[in-house]
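**Q** Structure, please.
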Amino acid sequence: MGILEEDGTDTAGGEREGVTKFHLRYTPSAPLAAARVATLQGWRRILFDLGLIGQEAAEGGSIGFGNVSELFDAGQDGQERFLITATQTGHKPVLTPKDYSLVTGWDLAANRIDAEGPSPPSSESLTHAIFYASLADTRYVFHGHSPEIWSRACALGLPSTARDAPYGTPEIAREVQALLALPDCRAAGLLVMGGHRNGIISFAASAEAAGDILLQALARARSLASPAK
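**A** Below you'll find the predicted structure:
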């Protein structure tokens, strides 16, 4: 099959989840075996059930939010690759192997993602790539939406990207890269996307650790919201 080259830059203005803002070189291909996506499937369902992944009303319709990824084996050229949920899947309670894409390369400076699979990759793929490029021990990245965590980032002591760095752009990718250079951020395993309302990202060496970091942060955020007795 041929390569689909797509300039997905959003020219409508404003922040919109689910809108690809990078240059995508996408090659349609067959889905992976169900067993290969099983770990992501399980955690993605948990995050969906908690409302950290889903969809919300937006001008002109509904927009999906949230995605998960897993570091894949390197390609024949030695380039690291990662498996990620496909674009526009946030509304689905349960995914199938057809709802995943394999990112086979990226270029931050060129704002480009190379991918293959049955569906194009998430609009957050460039941001996920930064975690894998920056942290040798990170194998899972979970991106969700949580108004509770996001609005209490300072009280929770969580690192945050700048409010003027919009999601899905080279600017937010560079912001993430700068935060990941800080020992405190790497130790936390969680950061807040200041310019992407309610956006949070956890990262870890295992899916269990990445998920647990999100669950603990949510519990802490809710305890701060509880009325004092």
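**Q** would you list every one of the helices in this structure?
**A** Using DSSP state H, the helices of the chain run over 38-49, 125-134, 147-151, 153-156, 170-180, 183-188, 207-225.
**Q** Which positions within the fourth one qualify as buried?
**A** Buried residues in helix 153-156, defined by neighbour count with 16 or more other Cβ atoms under 10 Å: Ala153, Leu156. Placement of C-beta: from N, CA and C, glycine included.
**Q** Give me the residues contacting it.
**A** By Cβ atoms under 8 Å, 6 or more residues apart in numbering, the list of residues contacting helix 153-156 from outside reads Ile149, Ser160, Val192, Gly194, Ala217, Arg220, Ala221, Leu224.
**Q** ok, the fourth one - how many residues close by?
**A** Burial measure for Gly194: 18 neighbouring residues, criterion other Cβ atoms under 10 Å.
**Q** That one and Gln177, how far apart?
**A** Relative to Gln177, Gly194 is positioned 15 Å away (Cβ to Cβ, to the nearest Å).
**Q** quick revisit: show the buried residues in the contacts of helix 153-156.
**A** Neighbour counting by 16+ other Cβ under 10 Å classes Ile149, Ser160, Val192, Gly194, Ala217, Arg220, Ala221 among the contacts of helix 153-156 as buried.
**Q** which one among those gets closest to Pro166?
**A** Taking Cβ to Cβ as the measure, Pro166 lies nearest Gly194 of the buried ones among the contacts of helix 153-156, at 10.2 Å.
**Q** Pull the number of nearby residues for Thr96.
**A** Thr96 is flanked by 13 other residues according to other Cβ under 10 Å.
**Q** Same check on Pro93?
**A** With other Cβ under 10 Å as criterion, Pro93 counts 10.
**Q** and it, what does it touch?
**A** Taking Cβ under 8 Å, 6+ apart as the criterion, Pro93 is in contact with Arg45, Phe48, Asp49.
**Q** same deal with Leu83?
**A** Leu32, Arg36, Val37, Leu40, Ser69, Glu70, Phe72, Tyr100, Ser101, Leu102, Val103.
**Q** thinking the fourth one is in contact with Ala86, fair?
**A** Meaning Leu40. No. In terms of Cβ atoms under 8 Å, Leu40 does not count as a neighbour of Ala86; the distance is 11.6 Å.
**Q** Any idea which residue is closest to the centre of this protein?
**A** For the chain, the residue nearest the mean C-alpha position is His143 (3.9 Å; Cα atoms, centre = their mean).
**Q** And the pLDDT at it?
**A** Listed pLDDT for His143 reads 96.
**Q** pretty sure it contacts Gly66?
**A** Yes. In this structure, His143 is within contact of Gly66 by Cβ under 8 Å, at 5.9 Å.
**Q** Val199 touches Pro147, doesn't it?
**A** You called it Val, but residue 199 is Gly. No. Taking Cβ under 8 Å as the definition, Gly199 is not a contact partner of Pro147, at 10.4 Å.
**Q** between the two, who's got more neighbours?
**A** Each of Gly199 and Pro147 has its neighbours counted (other Cβ under 10 Å); Gly199 has more, 26 against 12.
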